[in-house]
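S.K.: Below are the sequence and a predicted model; questions follow.
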Amino acid sequence: MKRIAMWMALGLIFTLSAEGWAGSKKDKDKDKETTEKATSSESSEKGKAFDDWTMKCGRPEENGPELCLLAHAVFRKDAKEPSLIVRLNYQQSTKITLLSAIVPLGVDLAAGVSLKADDGFPTNLALRYCTPAGCEAFLPLDGSTLKAISGAKKIVIGWLPVGAKEPLIVPVSTKGLKAGLEALQKS
């Protein structure tokens, strides 16, 4: 349980500094600027860009172990704040990769959050909590799910906004995901 709290603390640190993540914006100039900022500032903070994904490492506790996250932020056109942040955490001691998705406030909690890779079946994420930064859902990835995600050509994450009749489906870039996951597992 303490380990999960440490992951959440590290995730919160990176969520609050989401502008540093390389995201997938439609506006190529903004995307390039965001990627350049992310690459230059993260190099000095043990961060590394993998196309649309970025890996950052840090210590949420002063004397605690260094933890690494691979993250990707998705922005709506002309938005300053991401509409979705996807993070992957790898725990060396247990060899478990945990996927988390931060979606905006206003998600229908009963409907939850789902992930779909390529033409596979949707997988439900466990919606754990909401903060002013958004609602966070988690999915521990077993070997087959991790393999499907790392090799996927198309990944989408969806949720039902409160009062909506249709879910909001957001594409997640796979560009750099496989290389980023390999680096994360070696970190």
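M.R.: Yep, it's here. Residues are numbered from 1 along each chain as shown.
S.K.: low-confidence ranges in this protein?
M.R.: Regions of the chain meeting the criterion pLDDT under 70 cover residues 1-46.
S.K.: Would you map the strands across it?
M.R.: For the chain, strands defined by DSSP state E occupy the ranges 23-24, 48-50, 53-58, 67-74, 84-91, 96-103, 113-117, 123-131, 134-141, 155-159, 168-172.
S.K.: Tell me which of those is the most buried.
M.R.: Highest mean neighbour count of these: strand 67-74, a mean of 25 (counted as mean count of other Cβ atoms under 10 Å). (Each C-beta comes from the backbone N, C-alpha and C, glycine too.)
S.K.: That one packs against which elements?
M.R.: Strand 67-74 makes packing contacts with helix 2-16, strand 23-24, strand 53-58, strand 84-91, strand 168-172, helix 177-186 when contacts are defined by 3 or more Cβ pairs under 8 Å, 6 or more residues apart in numbering; DSSP states H and E.
S.K.: chain center to it: distance?
M.R.: Taking Cα atoms, centre = their mean, to the nearest Å, one finds strand 67-74 lying 5 Å from the centre of the chain it belongs to.
S.K.: cool, stretch 74-83 as well?
M.R.: For stretch 74-83, the separation from the chain centroid amounts to 14 Å (computed by Cα atoms, centre = their mean).
S.K.: go on, stretch 143-161?
M.R.: Taking Cα atoms, centre = their mean, one finds stretch 143-161 lying 11 Å from the centre of the chain it belongs to.
S.K.: list the buried ones in that stretch?
M.R.: Within stretch 143-161, the residues that count as buried by 16 or more other Cβ atoms under 10 Å are 145-146, 148-150, 152, 155-161.
S.K.: Which of the strands of the chain sits closest to Ala179?
M.R.: Nearest to Ala179 among the strands of the chain is strand 48-50; the distance by Cβ to Cβ comes to 4.8 Å.
S.K.: Walk me through which strands that closest one pairs with, and which way each runs.
M.R.: strand 53-58 (antiparallel) (DSSP bridges).
S.K.: tell me the angle of the strand it pairs with relative to helix 177-186?
M.R.: Per axes from the mean of the first three to the mean of the last three Cα atoms, to 10 degrees, the angle that strand 53-58 makes with helix 177-186 is 20 degrees.
S.K.: Output strand 53-58 as PDB, nothing but the C-alphas.
M.R.: The C-alpha coordinates for strand 53-58 follow below in PDB (Å, rounded to 0.1, in the frame of the first residue of the first chain):
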ATOM      1  CA  TRP A  53       5.900   9.800 -24.800                       C
ATOM      2  CA  THR A  54       8.200  11.100 -22.100                       C
ATOM      3  CA  MET A  55       9.900   9.200 -19.300                       C
ATOM      4  CA  LYS A  56      10.700  11.100 -16.000                       C
ATOM      5  CA  CYS A  57      12.300   9.700 -12.900                       C
ATOM      6  CA  GLY A  58      12.200  11.100  -9.400                       C
END
